[in-house]
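**Q** Starting from these lines, generate the structure:
(chains A, B, C and D)
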There are 2 protein chains.
Amino acid sequence: MNVMNESPRRKELTRLAAQLFVQEGFDRTTVRMLAQEMGIKSGSLFHHFKDKQEILAAVIEEGTQNALAIARQSLKRCGSDPEARLRAMARAHLETLFADRNAHVVALFEWRRLDPAASAHLSHLRDAYEALWVDVIDAALNAGLIHGDRFLVSRFVLGALNWTVRWYDPNGSRTPDDLADELVGMIMAR
Amino acid sequence: MNVMNESPRRKELTRLAAQLFVQEGFDRTTVRMLAQEMGIKSGSLFHHFKDKQEILAAVIEEGTQNALAIARQSLKRCGSDPEARLRAMARAHLETLFADRNAHVVALFEWRRLDPAASAHLSHLRDAYEALWVDVIDAALNAGLIHGDRFLVSRFVLGALNWTVRWYDPNGSRTPDDLADELVGMIMAR
DNA sequence: GTCTATAATTCGATAGAC
DNA sequence: GTCTATCGAATTATAGAC
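**A** Purely as a prediction, here's the structure:
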């Protein structure tokens, strides 16, 4: 359904919406704020999206799809070394949170605001991304690089990465890559 | 100001508000929903709290104060062994998230909804709690138990713990204490 | 301390002209 | 595809009786 309606215009509006959703949160972002950011009046918004929910769904789909694509791309580039792959996943995750920015943050922090239908429709995307993580973690476990339960380790690592949104200052002295490397270093047994 | 107004009634209302804030989020929780949960009409709410913001501030103060108290208590009980202290902090954190429940979750996930005045007034509480964490992490680092930068490790660990709210099922087979032990095990160098 | 009643505002969404 | 104009519902908060 959404695949048919991916005009460049809609893509641009989705990008602007993501920015506001991160700044204000979905609930506090009004359609009037969205319209103003897009340079149109609030009534015109509903020509592109049937309602506010559909904007959120578009942003979250975009953010998750993008995270999935970048992660796969990074994994392809880095060969088969378990440590390199783990590091690549962590870097890719933070890249989508802080460089590409916004859409993936919305996907992580506003997922609960999706109505049940949209959530069901998009859950396979999120599951695919998390499966990628579990695979990489699993390989690192088998290589004796880290230790623990694969599901718990995946969720702890993702939690640690996701929460950086709440405290990391991109204008500080550390790069997102620094953070990723530090996190990987923290869980590696030496 | 709030210190003067800690009637048992207000405490009970704050507890009920915390529950709704976790279920629905602060923005989507209306004063009518709050009033109904408390068994009164919406107008009566403003006899106890000057506005909706003050309810949020009360919940967050309660949640952070409680987390701080439980953490200190746990640390007192567990002696001076760095590993035991680290484990105690992780367990205490998850205990306030899942057993005591609600108020600490609101403090962590809805902090940004505080107005600047309330945020400034409460930040010393949050800082005190995080300082407790940095101290325990620092001791574990010095003991060679874990490795990394003390601030980054603290934030990664807290992020991993906080994010459990989004996926942990208290009715599942694992206890919160299991999670805490697994997380500590994950970062310990052996 | 709780009620009823309502003020004042803001929200999401629609209709129809251009 | 955007505009103007506006509807209807929902929201926070207040006023005054009991």
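
**Q** Which residue does chain A have closest to DNA strand D?
**A** When scored by Cβ to the nearest atom of the strand, chain A has A:Gly43 as its residue closest to DNA strand D, at 2.6 Å. Heads up, the C-betas are built off the backbone N, CA and C, glycines and all.

**Q** Which residues of chain A lie near chain B?
**A** A:25, A:27-28, A:112-113, A:146-149, A:152-153, A:155-164, A:166-167, A:179, A:182-183, A:185-187, A:189-190 (Cβ under 8 Å from any Cβ of the partner chain).

**Q** Buried subset of those residues, written for PyMOL?
**A** Remark: buried members of the residues of chain A next to chain B, expressed as a PyMOL selection using 16 or more other Cβ atoms under 10 Å in any protein chain shown:
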select buried, chain A and resi 25+27+113+146+148+149+152+153+155+156+157+158+159+160+161+162+163+164+179+182+183+186+187
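
**Q** Residue numbers of chain A in contact with DNA strand C?
**A** By the rule Cβ under 7 Å from any atom of the strand, the part of chain A lying against DNA strand C is A:29-32, A:42-43, A:46, A:50-53.

**Q** could these go into TSV alongside pLDDT and secondary structure?
**A** Shown next, in TSV, are the residues of chain A next to DNA strand C (pLDDT from 0 to 100; DSSP: H, G, I helix; E, B strand; the rest coil):
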residue	pLDDT	secondary structure
A:Thr29	98	coil
A:Thr30	98	coil
A:Val31	98	helix
A:Arg32	98	helix
A:Ser42	98	helix
A:Gly43	98	helix
A:Phe46	98	helix
A:Lys50	97	coil
A:Asp51	98	coil
A:Lys52	98	helix
A:Gln53	98	helix
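
**Q** just the buried members of the residues you listed?
**A** Buried among these by 16+ other Cβ under 10 Å: A:29, A:52.

**Q** And the residues of chain A next to DNA strand C, which is closest to B:Asn66?
**A** Of all the residues of chain A next to DNA strand C, A:Thr29 has the smallest distance to B:Asn66: 31.6 Å, by Cβ to Cβ.

**Q** shouldn't A:Val157 be in contact with A:Ile187?
**A** Yes: counting by Cβ atoms under 8 Å, A:Val157 does reach A:Ile187; the two are 7.0 Å apart.

**Q** thinking again about what came up before, which residues does the nearest residue to the residue of chain A closest to DNA strand D once chain neighbours are set aside contact?
**A** Nearest in space to A:Gly43, with sequence neighbours left out and distances taken as Cβ to Cβ, 6 or more residues apart in numbering or on different chains, is A:Ala35 at 8.0 Å. Contacts for A:Ala35 (Cβ atoms under 8 Å, 6 or more residues apart in numbering or on different chains) come out as A:41-45.

**Q** Apply 10 Å and report the result again.
**A** A:13, A:16, A:41-46 (Cβ atoms under 10 Å, 6 or more residues apart in numbering or on different chains).

**Q** and if you look at A:Gly39?
**A** Applying Cβ under 10 Å, 6+ apart, the residues near A:Gly39 are A:13, A:16.

**Q** quick one: pLDDT of it?
**A** pLDDT, A:Gly39: 97.

**Q** can you check A:Asn5 too?
**A** 70.

**Q** host element of A:Glu95?
**A** helix A:82-98 (DSSP states H and E).
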